[in-house]
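In: could you work out the structure for the sequence below:
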Amino acid sequence: MATDERLDRVASNLDRLTGVVDGLASTAVAHDNQIDGLIRVAEQQNIEIDKLRKAMADLDKRWQS
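Out: This is a model prediction of the structure:
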């Protein structure tokens, strides 16, 4: 195989590999965004659970008095 053919083949493979790496990077960013969203939802749920616990404790105190 001639040098020019080898260089063309290497350049072609490099282009394909670059496309794969770009796709993986995009997927990683999207995954990170999903995780961040899930963390925000979990934090909000914890806030709501704490509010409910306090309301239940207040109600329990009322029933006991």
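In: what number of residues lie near residue 13?
Out: Using other CB atoms under 10 Å, the number of residues around residue 13 comes to 10. Heads up, the C-betas are built off the backbone N, CA and C, glycines and all.
In: and it, what element?
Out: If you go by DSSP states H and E, residue 13 is part of helix 3-64.
In: now do that helix, average pLDDT.
Out: Averaged over helix 3-64, pLDDT sits at 96.
In: show me what that helix packs onto, helices and strands only.
Out: Applying 3 or more CB pairs under 8 Å, 6 or more residues apart in numbering; DSSP states H and E, one finds that helix 3-64 contacts no other helix or strand.
In: off-centre distance for it?
Out: Helix 3-64 sits 1 Å away from the centroid of its parent chain (CA atoms, centre = their mean, to the nearest Å).
In: repeat that for stretch 54-65.
Out: Put simply, stretch 54-65 sits 40 Å off its chain's centre (CA atoms, centre = their mean).
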